[in-house]
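> predicted model and sequence follow; I will ask about them next.
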Amino acid sequence: MRVHLLSDIHVDYAGNMDWLAGLSDMDYRDDVLLLAGDVSDLPRLLERALRLLVRKFSRVFFVPGNHELWVRRCKTADSLAKFDKVLAVAEDCGASTRPWQSDRLRIVPLFAWYDYSFGAPGDLLTASWTDFYACVWPRGESPSSITERFLAMNPSCVPDPNRFVISFSHFLPWIDVMPDHIPVRQRYLYPVLGSRRLGLQVNRLRPDIHAYGHSHVNQRCHIDGVEYVNNAYGYPSETGISRKALISIYGDGRPADAGSTP
């Protein structure tokens, strides 16, 4: 059994959905997929993508990204209600958002948001970041309280020395996972990439691997004994920073790439 990773597939783009549909119906029947968010903000497209993947993999684990919580194109009251709807869609499709374990392996999905612990948003970010108008939160909620809500939903983060542990989230647990080559002009986005409080949960869990999405920057690095991996598919134009392939992060053939650019 292998564990594969994919995030930020953005199936609103027809080519991305076509790539997803074109993944083999046979090669992954015994394997697990971690889908680390940003599939689509439209429930019908999210459902279509999840149903495709559940037919191809033995198990699919999913955490929502920020795009899943946009309400501008659907009639959900607010983004917390949209979160509940997204989890219901995933469960109905047969994708899991809950921890799972076998004799040798433990998989821990982690919910989160960003709380500006990676920096304060500047004017450019405030004016351009889609979440600021596509998400709607109950009155009185702040990025910090929203993050706390989602972190509180996560399981008790207790190390498991008897299994190989893989945790995953959409958001980044540490800004340190971003590579040094990111141009300074692009770093205005850093405040909305993740939360140090998520990083502290990961530290308490002590996984062997933590996978994440959101940044659209493919990356593999080690911090304090944990391997951090990002495998974002990204927008069609992002051919330089996204791998445009499925990768294996656990099991025979690791790492192993499959798929091609649409």
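That came through fine.

> quick check on residue 225: phi, psi?
Reported as degrees, to the nearest 10, the phi and psi values for residue 225 are phi 80, psi 0.

> where does the chain dip in pLDDT?
The model of the chain has pLDDT under 70 over residues 252-262.

> which residues in it form helices?
For the chain, the helices defined by DSSP state H occupy 14-22, 43-56, 79-93, 123-128, 131-134, 143-152, 196-205.

> what residues does residue 94 make contact with?
Residue 94 sits next to 50-51, 54, 60 when contact means Cβ atoms under 8 Å, 6 or more residues apart in numbering. All C-beta spots, glycine's among them, are computed from the backbone N, C-alpha and C.

> from residue 227, how far off is it?
Counting by Cβ to Cβ, to the nearest Å, the gap from residue 94 to residue 227 is 28 Å.

> tally of neighbours for residue 214?
Residue 214: 25 surrounding residues under other Cβ atoms under 10 Å.

> where does it fall, phi/psi-wise?
Per-residue torsions, residue 214: phi 70, psi -50 (degrees, to the nearest 10).

> against residue 54, how distant is it?
Separation of residue 214 from residue 54 (Cβ to Cβ) stands at 23 Å.

> for residue 167, find the nearest of the helices of the chain.
helix 196-205 (5.6 Å; Cβ to Cβ).

> that closest one to helix 143-152, inter-axis angle?
Interaxial angle, helix 196-205 versus helix 143-152 (axes from the mean of the first three to the mean of the last three Cα atoms, to 10 degrees): 20 degrees.

> residue 247: neighbouring residues, count only.
21.

> hang on, it packs against residue 4?
Yes: in this structure, residue 247 is within contact of residue 4 by Cβ atoms under 8 Å, at 6.5 Å.

> do a quick rundown of the strands in the protein.
Listed in chain order, the strands of the chain (DSSP state E) span residues 3-6, 32-35, 59-62, 100-101, 105-109, 164-168, 209-212, 219-223, 226-230, 246-250, 257-258.

> hey, which of these is tucked in deepest?
Ranked by mean neighbour count, these are led by strand 209-212 with a mean of 28 (mean count of other Cβ atoms under 10 Å).

> ok, for residue 220, nearest residue in space, not its chain neighbours?
Distances taken as Cβ to Cβ, 6 or more residues apart in numbering place residue 229 nearest to residue 220, at 5.1 Å, with adjacent residues excluded.

> before we move on, what about residue 100?
Closest to residue 100 by Cβ to Cβ, 6+ apart is residue 107, at 5.0 Å.

> could you do residue 63 as well?
Counting by Cβ to Cβ, 6+ apart, residue 109 is the residue found nearest to residue 63 once chain neighbours are left out, at 4.8 Å.

> wait, the one you found sits on residue 97?
Yes: with contacts counted by Cβ under 8 Å, residue 109 reaches residue 97, the gap being 5.5 Å.

> got the CA coordinates for stretch 88-105 in CSV?
Output of stretch 88-105 as CSV, limited to C-alpha atoms (Å, rounded to 0.1, in the frame of the first residue of the first chain):
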residue,chain,number,x,y,z
ALA,A,88,-21.1,16.3,4.6
VAL,A,89,-20.3,16.2,0.8
ALA,A,90,-17.0,14.4,1.5
GLU,A,91,-18.7,11.8,3.8
ASP,A,92,-21.5,11.2,1.3
CYS,A,93,-18.8,10.6,-1.5
GLY,A,94,-16.9,8.1,0.7
ALA,A,95,-13.9,10.4,1.5
SER,A,96,-12.9,10.6,5.1
THR,A,97,-12.0,13.7,7.1
ARG,A,98,-11.2,11.7,10.3
PRO,A,99,-8.1,10.0,11.6
TRP,A,100,-7.5,6.4,10.6
GLN,A,101,-4.9,3.8,11.5
SER,A,102,-3.8,0.3,10.6
ASP,A,103,-1.2,-1.9,12.3
ARG,A,104,1.7,0.1,10.8
LEU,A,105,0.3,3.4,9.7
